[in-house]
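Participant: Need coordinates for the below:
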Amino acid sequence: MIGKETYITTEGLEKLKEEYNFLKNTKRKEVANRIQAAKDFGDLSENAEYADAKEEQAFTEGRIAELDEFLRNAVVIKEKNGNTTINVGNRIRIKEKKTKEVKEYEIVGSQEADPVAGKISNESPLGKAFLGKKVGDKVEVNLPKGVIEYEVVEVL
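Facilitator: A predicted model of the protein is given here:
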């Protein structure tokens, strides 16, 4: 099965590759050693250390599989500086119509989204709403707190 393309910056891709390599080459061995040590304690049915290690193994293997799938389908975002149309990889400055508050966001792939740091996913309602827009465009976004109208002030 071919996975869905997921966008990511070069920096974000490197971080995920580091995590993947750590999990495969270091963490996996650590967990296997914990399981073996727990087995040495005897009765596995009442062995909390063994149960904990098996749970950690399941989590680690799940994350490895998730990262493997992601890395196979990752599309690196190219720098978009100088573009006038908003796309994944752009930083944008927007103004909320009602409050006149100006905010700055970078539109990134879902793996890198961090709204507190100003990184919004291209798959989020806010990110999707701005894709393809230009400076001066008005955009209505349906958010949990209601419909908010923004104006694109600048594409950075």
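
Participant: any low-confidence regions in the chain?
Facilitator: By pLDDT under 70, the low-scoring segments of the chain are 1-3, 44-45, 79-83.

Participant: Helices along that one, start to end?
Facilitator: Counting by DSSP state H, the chain has helices at residues 10-22, 28-39, 48-73, 125-130.

Participant: looking at these, which is buried most?
Facilitator: Of the helices of the chain, the one with the most neighbours on average (mean count of other Cβ atoms under 10 Å) is helix 125-130, at a mean of 19. For every residue, glycine as well, the C-beta is placed using N, CA and C.

Participant: now for that helix, which elements pack on it?
Facilitator: Packing contacts for helix 125-130, counted by 3 or more Cβ pairs under 8 Å, 6 or more residues apart in numbering; DSSP states H and E, involve strand 102-108, strand 119-121, strand 138-143, strand 146-155.

Participant: Which positions in the third one come out as buried?
Facilitator: For strand 138-143, the neighbour count (16 or more other Cβ atoms under 10 Å) marks Val139, Val141 as buried.

Participant: Tell me which residues are up against that strand.
Facilitator: With contact meaning Cβ atoms under 8 Å, 6 or more residues apart in numbering, strand 138-143 is reached by 94, 97, 125-126, 129-130, 133, 147-152.

Participant: mind running it again at 7 Å?
Facilitator: Pro125, Leu126, Ala129, Phe130, Lys133, Val147, Ile148, Glu149, Tyr150, Glu151, Val152 (Cβ atoms under 7 Å, 6 or more residues apart in numbering).

Participant: what's the angle from it to strand 146-155?
Facilitator: For strand 138-143 against strand 146-155, the angle by axes from the mean of the first three to the mean of the last three Cα atoms, to 10 degrees is 140 degrees.

Participant: Direction included, what does strand 138-143 pair against?
Facilitator: Counting by DSSP bridges, the strands paired with strand 138-143 are strand 146-155 (antiparallel).
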